Structures are given as C-alpha cells and as structure tokens.
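Peer 1: Pasted the sequence and its predicted model underneath.
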Amino acid sequence: MEKGTSFLFSGIHFDRKKFATDFSRFEEKKESDKPEEDSSSVETGKSERREGKVSVKKRKRKPANIFSFCHICVAKETVKGFSVFKSSKSAAATVVVNEENDEALTRPSKEKKEFYKQLEQDALSRKKYNIHISGNNIPTPLQNFAELSSRYGCEPYLIRNLAKMGFKEPTPIQRQAIPVLLSGQECFACAPTGSGKTLAFVCPMLMKLKHASNDGIRAVIICPTRELAAQTSRESKKLAKGKKLCIKLMTRQLLRSADLSKLPCDILISTPLRLRLSVRKKKLDLSKVEYLVLDESDKLFEEGLLKQIDSVVKACSNPSIIRSMFSATLPDFVEELARTIMHDAVRIIVGRKNTACESIKQKLVFAGSEEGKLLALRQSFAESLNPPVLVFVQSKERAKELYEELTCDNIRVDVIHSDLSQSERENAVDDFRAGKTWVLIATDVIARGMDFKGVNCVINYDFPDSASAYIHRIGMMLISYCS
Ligand SMILES: Nc1ncnc2c1ncn2[C@@H]1O[C@H](COP(=O)(O)OP(=O)(O)OP(=O)(O)O)[C@@H](O)[C@H]1O
C-alpha cells in the first residue's frame, strides 16, 4: 500500500470516466489556474490595471458558459447575499467567459503573476471597505482622490473642489462606482443612506463630459422628489465650480417656459414627472443623452413612478448611453427591472444589502396605545431632548395632529408634508438645518435622500410601511458620520 493511502480504500478501483467530474474536483490545481478568491467580494472579471488610463472598451458578448467561467473564477456557487443572475433572462447572458481572463492564461508568466497580484490587492481592498461586486472587467477600487488624476487624467478643478468641500478620501461606494463608471460600464449600486452616492455618480459624469457643449442635453439625473433633485443640483454645482458646464434643475418655471428644445444644458436634474412632461409637451430632446442616472432607484421603480421612468428611459435613445442606478436599498424587483434596462451592468453593494447601518443604535419603545405613544414621546423629550430630532409619521393628517400637540409643549417644532407649498417645505428644511427648529415632524416625502447634517435622533412615531422605508428614515442619522 502506498504511503498515505487509506487502508479502507486499498484495492478499490474507481471508474475515472464515470466519475470524471468528481475526480476533477479533487485534482491538484496548477498555481496559475488558481483564482484569487475573497470571501467578501466576488468578482467575475478581471480588475482593470491601475497604471495608465483606462480605455473604454466595448465588451463582446459570449454565450453563457458556466464551465469555462468556473475554471477561472471558482466562485460558481451562489454566495450569500448575491442573487445577480437568478431570474433575469438578460442576466443569464451576462455570465460570460471573461475574454481577458482567458487572455491572462496565455500571457507570459511574469505578466500573469502581476495580473493575479493586482486581483488579490483589489479583493483585499474591497474586503476592507465591505464592497461586494459582480460583473465583468471590474476596475480596481480607488485608493484616494489623487488617483482620479493619475489614473484617469482628472482636471485640477475637480480635485480642488473635492478638497474645498472637505472630502479627504473617497467613501466605499465612491471607491468602486467612480472607476466603474469611468471605464464606461453601466452599474447599479446599493450603499447606505448618507454614504456619498451623489458624488459617486456626479464625479465621473463631470470628468466624462469635460466641456460645455451646445449640442443638447448630455446627462440626466432623475431623483424621486423635488427636494432631492434640488439637493443633487446644489451638490453638482459645487463640484463643478470653476468649470463652464451648464447644470440645470428642472423647476416648475423652467417647465413653463416656451420651448425646451433649445435649452442650453449639459446636465439636467429632474423628478420623473417633470421630465416626462417636458419631453411630451415641451419637445425636450433626450436622444443625445450620454449618461443617465436613476438616484434612489428603488423609489423610482415603485408603482406610481414606473410609467414615467419607462417613458424617460425610452426617450434617452442614444445607443451608447451609460446608465446607472443608485439606492440605499435594492429589493429583488428593482434588481430584476434594472436587469431589463441594463445589460452587462456591474453590481456594487456596500455593506449588506437591504440592512440598516450597524453604527446606528436602535431602540424599541413599547407604548401600548395611541395615548401611550404620545406620552412616551413627551417623556423622552423631557428626559433628554438632543436636537436635531426627526419624527416620522405615516400621513400628513398624523403629521398635522402631532404638530398641534407638540407646539403646546414649548418645543421648537415644525412640520413638513406634501400639503405644504414648495417654498413652505424649503423654509421648514432650512430652519431645521439652521438649528432654529429642534424637532421636525415629517412624512416619508422628505425621508428619501435628504441630507440633514448631524441629526441626533430619528423617531419612528408611526411604523414605516416597509423595511426599506425604515432604513431610509433611520439613515438620516448617518449623515453626521459622513460629513
Ligand atoms: N468622500 C466624502 N467624504 C466626506 N463627506 C462626503 C464624501 N462624499 C460625500 N460626502 C458628504 O456626505 C453627505 C451625504 O452624501 P450623499 O447625500 O451623497 O449621500 P447618499 O448616499 O446619496 O445618501 P442618500 O441615500 O440619503 O441619498 C453629504 O453631506 C456629502 O457632502
């Protein structure tokens, strides 16, 4: 009996042909065939090399071939939290053999070594920042903002503006989404509220558009609410300071103006309804749009907005358009819809999908009855009122009622809901931001993506109607960690 061979198996002869698949699983792999594997980040493609600028490549599709894919990547099994290819037809076609990885196998061994070393570094970096990815040819995450210049030739104005805004290093979503979008790939991304998603899509957009042009609208950002659209517009303008790019917010006045077909605009930011109306009634031409961003895409894909989004997506008919979606939650239905719009898109998840950020302390107060709730709220304010505090209720009627109750309590309280005019809403938000209001009662109208700095406490006075609404609401506190 050979040394090391089990006594139990001596004399047994396996039919190698019949059990070929099983045999191959236990066969020792050659060093060069071993992929870099990272338990937290699964990558089905190669990382873009960091040196030199990344060229925008059109990826040729190959038919799905799970087996040749596996010998390179190993990660055939579904990894917890990943459901990328599970139900979309187009998605199935994206499980392709990575051509460049095939090439990698035929490369000279020194080059191959460097290639795998880079893959390993990328995987470590993603693990460090809790970034999970899937897709093809996913570029190396950014290490710092300086790499925007060294890797992508970013103009100095943008680096200057980032520094002026106090952004010292990229947030995890920015580390991965910016290189993906700069490499010309479509993506859908999920990262916690307040994690800097706006910069993650505005920065590559500014870099790609480069100069102002009179050639029609080149980029569109769609946000679910007017407040969020206005905020995105402000942030974009700050980032573009010093560059003559025309960034416009689709306001009611703009919508009323005579003819939008000659609108001088490089980046247009709008809610879906206003955009749809301007396409239909005001001849706004979106056929030259090169970049389309759907911000808070889970909200945009809800029943009421889906039709509007659909017609806007259709109006953006440029065949080489780059689309991206960003959100704090990524329900399966959104992922499925995203897959019907985008093919070969890179999927980026920061942290765990559809969960609240772990750094937020959560407390459940049992109140027993409606009166008990009000009592508990008053008690908690009496014990420690640490403004700014956001209180969420389920309807505008509830918001008005609670406001009436709390105004008698000598607390600087205000309310925001959909019955208020635009300017009234803006005043309420401004006063809260300025610290004039301590407690702001709100419906979910403002919950999405509003950037309140330093909110100390979020109270869900009424239960939110979904887990994702809860995540968005309590995410308001995260902003204080990021800014
Ligand atoms: N790299 C950075 N470093 C520090 N602060 C940043 C950075 N990037 C963005 N911020 C700031 O973090 C705050 C939150 O950013 P942003 O609104 O883009 O988050 P978000 O992920 O879009 O949130 P939401 O899901 O609510 O829309 C903003 O005040 C923004 O200026």
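Peer 2: Looks like it came in fine.
Peer 1: how about the lengthiest helix in the chain: buried residues?
Peer 2: Scanning the chain for the helix with the most residues, using DSSP state H, yields helix 109-128. In terms of neighbour count (16 or more other C-beta atoms under 10 Å), helix 109-128 has its buried residues at Lys112, Phe115, Tyr116, Gln118, Leu119, Gln121, Asp122, Ala123, Ser125, Arg126. (Each C-beta comes from the backbone N, C-alpha and C, glycine too.)
Peer 1: ok, so what distance separates the fourth one from Glu169?
Peer 2: According to C-beta to C-beta, to the nearest Å, Gln118 stands 21 Å off from Glu169.
Peer 1: Kindly report the same for the first one.
Peer 2: In this structure, Lys112 and Glu169 are 32 Å apart, going by C-beta to C-beta.
Peer 1: follow-up on the earlier one: nearest to Ile269, of the buried residues of helix 109-128?
Peer 2: Nearest to Ile269 among the buried residues of helix 109-128, counting by C-beta to C-beta, is Arg126 at 30.1 Å.
Peer 1: now the helices: where do they sit in the stretch 351-483 of the chain?
Peer 2: With DSSP state H, counting those that start in this stretch, the ranges of helices along the stretch 351-483 of the chain come out as 370-383, 396-407, 422-434, 467-474, 479-482.
Peer 1: which helices and strands sit right next to the third one?
Peer 2: The criterion is 3 or more C-beta pairs under 8 Å, 6 or more residues apart in numbering; DSSP states H and E, and the helices and strands that helix 422-434 contacts are helix 226-239, strand 413-416.
Peer 1: Which residue, other than its chain neighbours, is closest to Ala177?
Peer 2: Among residues not flanking Ala177 along the chain, Ala200 sits closest, at 4.1 Å (C-beta to C-beta, 6 or more residues apart in numbering).
Peer 1: Check the burial of that neighbour by counting its neighbours.
Peer 2: Counted by other C-beta atoms under 10 Å, the residues lying close to Ala200 total 28.
Peer 1: wait, doesn't it sit right on Phe326?
Peer 2: Yes - contact criterion C-beta atoms under 8 Å: Ala200 and Phe326 qualify, at 6.8 Å.
Peer 1: hey, what's in contact with both of the two?
Peer 2: Common contacts of Ala200 and Phe326 (C-beta atoms under 8 Å, 6 or more residues apart in numbering): Ile173, Ala177, Ala189, Ala191.
Peer 1: mind listing which of the residues you listed are in strands?
Peer 2: Counting by DSSP state E, those place Ala189 in strands.
Peer 1: By mean pLDDT, which helix or strand of this protein comes out lowest?
Peer 2: When the helices and strands of the chain are scored by mean pLDDT, DSSP states H and E, helix 66-73 comes last with a mean of 25.
Peer 1: Alpha carbons only: can I get stretch 298-307 in CSV?
Peer 2: C-alpha atoms of stretch 298-307 as CSV (Å, rounded to 0.1, in the frame of the first residue of the first chain):
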residue,chain,number,x,y,z
ASP,A,298,-36.0,51.7,-5.6
LYS,A,299,-38.4,54.6,-5.1
LEU,A,300,-38.3,55.4,-8.8
PHE,A,301,-39.4,51.8,-9.7
GLU,A,302,-42.4,51.9,-7.4
GLU,A,303,-45.8,51.6,-8.9
GLY,A,304,-46.6,55.3,-9.3
LEU,A,305,-43.4,56.4,-10.9
LEU,A,306,-42.6,53.4,-13.0
LYS,A,307,-44.5,54.5,-16.1
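Peer 1: quick one: average confidence on that stretch?
Peer 2: For stretch 298-307, mean pLDDT is 81.
Peer 1: gap between Gly153 and the ligand?
Peer 2: For Gly153, the distance to the ligand (C-beta to the nearest ligand atom, to the nearest Å) stands at 20 Å.
Peer 1: ok, that residue - how many residues close by?
Peer 2: 11.
Peer 1: Likewise for Phe463?
Peer 2: So Phe463, with other C-beta under 10 Å, has 11 neighbours.
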